[in-house]
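Q: Predicted model follows, preceded by the sequence.
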Protein chains: 2
Amino acid sequence: MSTPQDDRPRAERIPAALRAEQIYEAAQEVALERGLAGVTLRAVAERAGVASALVAHYAPSMSELVADTFRAIAGRELAEVRAHVLAVRDPVARLRTLLTTMLDGTRNDVTPVWVDAWGLGRRNPDLADAIAEEMTEWHAAVVEVLDAGINAGAMTPADTDLIASQVLAMIDGLNAHEMVDYGRGASSLRLIGRALELELGLADGTLGQ
Amino acid sequence: MSTPQDDRPRAERIPAALRAEQIYEAAQEVALERGLAGVTLRAVAERAGVASALVAHYAPSMSELVADTFRAIAGRELAEVRAHVLAVRDPVARLRTLLTTMLDGTRNDVTPVWVDAWGLGRRNPDLADAIAEEMTEWHAAVVEVLDAGINAGAMTPADTDLIASQVLAMIDGLNAHEMVDYGRGASSLRLIGRALELELGLADGTLGQ
DNA sequence: CAGATTATTGATCACTTGATCAATAGCAGT
DNA sequence: ACTGCTATTGATCAAGTGATCAATAATCTG
């Protein structure tokens, strides 16, 4: 059980740009399935159906590939959530949609990616930069939702910058907790919802069920 | 640069129980300095000043050693914080002490241990169990502080179970964020303090400065 | 002091990681 | 059909991981 190389039909020869894209996408698939820590030279190569040397050929280094993979996954997630949330017109319903979307477990595969990222970020500077960037964008998106609600008069004026940080901290903390099966039975939505209702002058239960 | 074995004076022969304790402590030192992911057979051996085989001899397996190491660090941290917090008699001041203690950066070395733990917990069942246990104890400690405040009439009655989960989520989330240098300038204490003041009927600024 | 007990080690295994490089194979243009 | 360009690969490296085991050395016991 120790074949020095993968036996596999030789990969079809395609333009470099296209192959780079395939490898890039394979890395994302691996990250979503096995976590960011599972994005190894050989795992990505197998997923893409090419020799591991080809992955090394297209990626500057694995640490950069990991960082780029994280950036792609986090960026796409934000774009999707943003589009989904902004489609809701009523400000309060929009905020509720934001919370439910981020907590309903639909994105159960990207949470491990974030948790892995925080841990790996300490030894991977490229990844640390990527994390900071994505977090800034998430923060801006939450602020946008809050500001819209306040400007529409549906929420009490508040320090949206601070509240957005709070929301993200709670969501990331809860997601990390749930990853190790620490549910405590309490509904995460209700937990965050209550806090925001108080800070934004909303009636009890408006954000949670 | 490839000595097959560490050249080093042979470790003095001491009773097994004592040596086990030394290795156990060496693992904790390594974890605090290089993170839980740095707790490897050879790193612990070097730290303890023994051959790597001896670490393997005393530890059932590395995954168990990592789990035990986490348990020891998290447990000791909780005991210390608890003692420090319970020494404060005034309920509100006690809560404030709890928050400042958990956020003032004094325990900057154990935060990475927690963050590593969440990531590694997915592949290390022993570690996952340890995490859940330690979190349960932390939760109970926070509830204790909140209940005391409410019973003393210093805080508005509330669902302390839920609020404790919220506090832990925010703290862990914020700590994770700060680990990748994502400070956003905002004071974490003020952020959590504001939220709790609202939920516990405390005057603005009572918990934060 | 001789012998049994046990703590400690060196060597080694099988495996995984990222990375490099000469060699090969396929396509494009002439 | 030939030639040049380039995508792709196999082999291999050095480093690091956890783990095992016979051999050694120190202590204790009778």
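A: That came through, no problem. Keep in mind that this is a model prediction, so the values were computed, not measured. Numbering: from 1, shown residues only, chains lettered A, B, ... in the order given.
Q: What are the boundaries of the helices in chain A?
A: Here chain A has its helices, by DSSP state H, at A:16-34, A:41-48, A:52-58, A:62-86, A:91-103, A:111-120, A:125-151, A:160-179, A:188-200.
Q: quick one: is the longest one near chain B?
A: This means helix A:125-151. Yes: against chain B, helix A:125-151 shows contacts by C-beta under 8 Å from any C-beta of the partner chain at A:128, A:131-132, A:135-136, A:139. Any C-beta I mention is one placed from the backbone N, CA and C, and that applies to glycine too.
Q: got the residues you listed as CSV, with pLDDT, distance to DNA strand D and neighbour count columns?
A: CSV is the format used below for these (pLDDT from 0 to 100; distance: C-beta to the nearest atom of the strand, whole Å; neighbours: other C-beta atoms under 10 Å in any protein chain shown):
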residue, pLDDT, distance to DNA strand D, neighbour count
A:128, 96, 21, 20
A:131, 97, 24, 26
A:132, 95, 27, 16
A:135, 96, 30, 19
A:136, 95, 33, 12
A:139, 96, 36, 18
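Q: Outline the domain layout of chain A.
A: As assigned by automatic domain parsing, chain A contains the domains A:9-59, A:62-200.
Q: what's the least confident stretch among those?
A: Lowest mean pLDDT within the domains of chain A: domain A:62-200, at a mean of 93.
Q: re the thing from before, could I get the helices of chain A in TSV, plus columns for distance to residue B:106?
A: Formatted as TSV, these follow (distance: least, C-beta to C-beta, whole Å):
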stretch	distance to residue B:106
helix A:16-34	34
helix A:41-48	39
helix A:52-58	43
helix A:62-86	30
helix A:91-103	31
helix A:111-120	20
helix A:125-151	23
helix A:160-179	19
helix A:188-200	26
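Q: Mind checking those for the one nearest to residue B:165?
A: Ranking the helices of chain A by proximity to residue B:165 (C-beta to C-beta) places helix A:188-200 first, at 5.9 Å.
Q: ok, back up a step: for residue B:116, find the nearest of the helices of chain A.
A: helix A:111-120 (5.0 Å).
Q: Is any residue of that closest one near chain B?
A: Yes: applying C-beta under 8 Å from any C-beta, one finds helix A:111-120 touching chain B at A:112, A:115-120.
Q: which helices and strands does that helix pack with?
A: Counting contacts by 3 or more C-beta pairs under 8 Å, 6 or more residues apart in numbering or on different chains; DSSP states H and E, helix A:111-120 packs against helix A:62-86, helix A:125-151, helix A:160-179, helix B:111-120.
Q: Dump the ones you listed into CSV; add distance to residue B:171 as well.
A: Listed next are the helices and strands packed on helix A:111-120 as CSV, based on distance: least, C-beta to C-beta, whole Å:
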stretch, distance to residue B:171
helix A:62-86, 23
helix A:125-151, 17
helix A:160-179, 7
helix B:111-120, 10
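Q: most tightly surrounded among the domains of chain A?
A: Mean neighbour count (mean count of other C-beta atoms under 10 Å in any protein chain shown) peaks for domain A:62-200 among the domains of chain A, with a mean of 19.
Q: does any part of that domain sit near DNA strand C?
A: Yes: contact of domain A:62-200 with DNA strand C (C-beta under 7 Å from any atom of the strand) involves A:62-63.
Q: Could you check how far that domain is from the centre of its chain?
A: 8 Å (C-alpha atoms, centre = their mean, to the nearest Å).
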